[in-house]
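# this is the structure alone, sequence omitted:
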C-alpha cells in the first residue's frame, strides 16, 4: 500500500486519517501523468495533486520508489536535465512499453471500479 494524503473540504486530514492507495494505482497515476510529457519527480507529484484538485498528495517516500521501480521495469526512461529553476533534476518519460502498460493498467482499473460499483450499488 502507498501513503497518500486525502484532503477534505480544503483541509488536510490528520496523519491517522490518511488513506492508502494500492501500489498499482500509484503506478497507473504516474504513467498517466507522464503521458502528457516528460517531468521530474516533484513535478509528477504536483501534477497528480493538481489533476486531483488537491485531493491526492503523494508522499515522496512513495513516489520515488515507484519511479525507480517503473524505470527498472523499463516503462520509464530517465535523464538528467536542468529544471525550471536551473537545477539538475532527473526527468522521467514514458517508453513504448510504458504506454502499453498504461493501457493495461487502465483496463484493470476500469474492471475493478465496475466490480466494486456492483457490490456497493446492487440492483
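Cool, the structure landed. Note that the coordinates shown come from a computational prediction; the quantities given were computed from them, not determined experimentally.
# now the nearest residue to residue 83 once chain neighbours are set aside, what's its secondary structure?
Using CB to CB, 6 or more residues apart in numbering and skipping residues adjacent in sequence, the residue nearest residue 83 is residue 89, 4.0 Å away. (C-beta placed from N, C-alpha, C; glycine too.) Secondary structure state of residue 89, per DSSP: H, G, I helix; E, B strand; the rest coil, is strand.
# select the longest helix from the chain.
In the chain, assigned by DSSP state H, the helix with the most residues is helix 96-120.
# show me what the residue nearest to residue 83 is bridged to.
Beta-bridge pairing for residue 89 (DSSP bridges): residue 81.
# number of nearby residues for it?
18 (other CB atoms under 10 Å).
# might you report the residue contacts of it?
By CB atoms under 8 Å, 6 or more residues apart in numbering, the residues touching residue 89 are 40-42, 80-83.
# ranges for the strands of the chain?
Under the criterion DSSP state E, the chain contains strands at 2-8, 11-12, 19-21, 39-40, 56-58, 76-82, 88-94.
# one step back: other SSEs contacting the longest helix of the chain?
helix 23-35 (3 or more CB pairs under 8 Å, 6 or more residues apart in numbering; DSSP states H and E).
# got the buried residues for the helix it packs on?
25-34 (16 or more other CB atoms under 10 Å).
# and if you look at stretch 98-111?
Residues 98, 101-102, 105, 109 are the ones in stretch 98-111 that count as buried (16+ other CB under 10 Å).
# same question, stretch 52-62
56-58, 62.
# and what of stretch 111-123?
For stretch 111-123, it's none, nothing buried (16+ other CB under 10 Å).
# for residue 119, give me its contacts.
By CB under 8 Å, 6+ apart, residue 119 has no neighbours at all.
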